[in-house]
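In: got a structure for you, letters missing:
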Ligand code: AMP
Ligand code: ZN
């Protein structure tokens, strides 16, 4: 398997530290809000990548943190008249609701920064003791000059970074590129005890510290959205490698952003969508197919048209699945015939091609094309003259290739019921709107499919004719 490593700017053969095991750390959300579709892309991409590693037989230890203490948290807690702790509790539970709805597999561990304060203090102290960090009035800064590899992830050297530094120069820092490991308490802010007085951790140190405590000094993969490469990940490398003297992460993966109608997503442009809003209209598998149908290192444009085409694409896949399921009720032969034994190899060929694409830096876009090719193959060549074993084989392979992407996992039976319920709801709305033409059309369309609607005092019921 090959992975594009941001550290070396090239695709590299993936070799794990321990055979068969992958340690992976993904930067998670700051929990002060519902997450938006941009965040969702990053979460879905690395969830799918993790599922793919598992599909390929790896045992993956997957850590994704919650940033539950920082400036945004403090500001928002003040606005909401609540505490940082309450805000964190609330949006962590909202995170799980949306992530579960998006079929994102739960991480092995979701650590919260505030649960690691003791370890963070210890980490910062180790850096001070080794001469990589210094204290000024209760703040502790990392001295970027001391770490010779500074800039290696973003491919810049310290001099050019300093020259381009737009950060307002804090008189107390020895160098403009130095960054805070620990921040002294300001009035009204939550704070914890430390050798430098009451304070709270900086943002970068939490990830270094939790990765170190939960996964070890050197991890296989560190990932996040592309905006995090600099300065967040650069700073993580500086902290972790200064402390351990070892490589922090062997592979760095960054996923590209989502734009909306070709513009940057932002609250001021009013083109900002939460994952939750989108999931009200689109099924999670549609959203996942949409997000994985582009390469993860390519920017993705978000539009209703693109979601609608993902919806029809998924329907085409499910039609093939339900056709095969229906064939199981019609087949006349049970066991594979001689020619079918040969033909199975053709189907296996699609799996091989899928793996070849996905092994090449997780090219889910091409992986999805292979699933479409397989669907076409099956639609053309499998019918009621095929044996039960062959139909089942085809069915399993389609579902199998959907597993790492988190698509094609629903039962087609359930989806028929959901579809009917959705049409009934649409008809009720049409009646409320006095749109009789639409309401009659929905009833007639359903009747043509053998579904009879009955208006009862308890609401609308349906039955098969
Ligand atoms: P945050 O809560 O802002 O720290 O972001 C959580 C994760 O979402 C990080 O990995 C970010 O890089 C990622 N992210 C933020 N905005 C976008 C976007 N528009 N598109 C893709 N990923 C994003
Ligand atoms: Zn991080």
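Out: Nice, I can see it. In this text, all values refer to a predicted model and were calculated from it rather than measured experimentally. Ligands and ions are numbered 1, 2, ... in the order given.

In: Surely residue 311 is in contact with residue 287?
Out: No. Applying CB atoms under 8 Å as the test, residue 311 and residue 287 come out as separate, 9.6 Å apart. Glycine gets a C-beta too; all of them are placed from N, C-alpha and C.

In: And those two? Which one has more around it.
Out: residue 287 (27 against 17; other CB atoms under 10 Å).

In: Which residue is the nearest non-sequential neighbour of the more buried one?
Out: In space, and not counting its chain neighbours, residue 287 is closest to residue 278: 6.1 Å by CB to CB, 6 or more residues apart in numbering.

In: Which strands or helices does the host helix or strand of that neighbour pack on?
Out: For residue 278, the host element (DSSP states H and E) is helix 275-281. With contacts taken as 3 or more CB pairs under 8 Å, 6 or more residues apart in numbering; DSSP states H and E, helix 275-281 sits against helix 37-55, helix 84-101, helix 284-292.

In: contact partners of that helix?
Out: 34, 35, 36, 37, 39, 40, 97, 98, 101, 102, 287, 307 (CB atoms under 8 Å, 6 or more residues apart in numbering).

In: Just flag the most distant two among the residues you listed.
Out: Maximum pairwise distance in these, criterion CB to CB, is 20.7 Å, between 97 and 307.

In: Between the two, which has more neighbouring residues?
Out: A count of neighbours by other CB under 10 Å puts residue 307 above the other of residue 97 and residue 307, at 18 against 13.

In: Angles on the backbone of the more buried one, please.
Out: Main-chain dihedrals, residue 307, degrees, to the nearest 10: phi -70, psi -40.

In: Near ligand 2, which residues of the chain? Just list them.
Out: Residues of the chain found near ligand 2 (CB under 5 Å from the ion) are 27, 207.

In: where in the chain is pLDDT low?
Out: The model of the chain has pLDDT under 70 over residues 164-170, 267, 414-416.

In: near ligand 1, which residues of it?
Out: Residues of the chain lying close to ligand 1 (CB under 6 Å from any ligand atom) are 27, 29-30, 38-39, 41-42, 224-225, 227-228, 257-258, 265.

In: The helix or strand harbouring residue 401: what's the following helix or strand?
Out: Assigned by DSSP H and E, residue 401 belongs to helix 388-402. The helix or strand immediately downstream of helix 388-402 is helix 412-432, counting by DSSP H and E.

In: Which other helices and strands does the following helix or strand past that next one contact?
Out: With elements assigned by DSSP H and E, the helix or strand that comes after helix 412-432 is helix 436-448. Helix 436-448 is packed against helix 412-432, strand 451-456, with contacts defined by 3+ CB pairs under 8 Å, 6+ apart.

In: correct me, but residue 139 touches residue 180?
Out: Yes. Between residue 139 and residue 180 there is a contact at 5.9 Å, judged by CB under 8 Å.

In: which one of the two has more residues nearby?
Out: Remark: of residue 139 and residue 180, residue 180 carries more neighbours, 23 against 19, as counted by other CB under 10 Å.

In: per-domain residue ranges of the chain.
Out: 2-255, 304-402, 413-464 (automatic domain parsing).

In: Pick the most buried one from the ones you listed.
Out: Sort those by mean neighbour count, taking mean count of other CB atoms under 10 Å, and domain 2-255 sits at the top with a mean of 19.

In: Next up, the contacts around whatever residue of the stretch 1-150 of the chain ends up closest to ligand 2.
Out: Closest to ligand 2 within the stretch 1-150 of the chain is residue 27: 3.2 Å, counting by CB to the ion. Under the criterion of CB under 8 Å, 6+ apart, the contact list for residue 27 reads 64, 65, 207, 223, 224, 225, 228, 232.

In: How about the stretch 101-250 of the chain: which residue is closest to ligand 1?
Out: Across the stretch 101-250 of the chain, the shortest distance to ligand 1 (CB to the nearest ligand atom) belongs to residue 225, at 1.9 Å.

In: typed the wrong thing, it's the stretch 51-200 of the chain
Out: Going by CB to the nearest ligand atom, ligand 1 is nearest to residue 67 of the stretch 51-200 of the chain, at 6.2 Å.

In: With adjacent residues omitted, what lies nearest to that residue?
Out: Excluding its sequence neighbours, the residue lying closest to residue 67 (CB to CB, 6+ apart) is residue 30, at 4.2 Å.

In: Thought residue 65 was touching the one you found, still the case?
Out: No. Judged on CB under 8 Å, residue 30 makes no contact with residue 65 at a distance of 9.9 Å.

In: Next up, the contacts around the residue of the stretch 201-350 of the chain found nearest ligand 2.
Out: When scored by CB to the ion, the stretch 201-350 of the chain has residue 207 as its residue closest to ligand 2, at 3.2 Å. Contacts for residue 207 were tallied using CB under 8 Å, 6+ apart; they are 25, 27, 65, 232, 236.

In: could those go into a markdown table alongside secondary structure?
Out: Below are these laid out as a markdown table (DSSP: H, G, I helix; E, B strand; the rest coil):
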| residue | secondary structure |
| --- | --- |
| 25 | strand |
| 27 | coil |
| 65 | coil |
| 232 | helix |
| 236 | helix |
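
In: quick one: the strands in the stretch 1-150 of the chain?
Out: 2-5, 10-13, 21-26, 59-64, 133-136, 139-142 (DSSP state E, counting those that start in this stretch).

In: looking at those, which is closest to residue 46?
Out: Smallest distance to residue 46 across the strands of the stretch 1-150 of the chain (CB to CB): 4.8 Å, for strand 21-26.

In: Mind listing residues that contact that closest one?
Out: So strand 21-26 is contacted by 16-17, 42-43, 46, 50, 53, 58-65, 107, 207, 210-211, 214-216, 219-224, 249 (CB under 8 Å, 6+ apart).

In: of the strands of the stretch 1-150 of the chain, which approaches residue 419 most closely?
Out: Proximity to residue 419 (CB to CB) singles out strand 59-64 among those, at 33.5 Å.

In: Pull the number of nearby residues for residue 275.
Out: Residues lying near residue 275 (other CB under 10 Å) number 25.

In: Identify the residue spatially nearest to it, adjacent ones excluded.
Out: residue 40 (4.2 Å).
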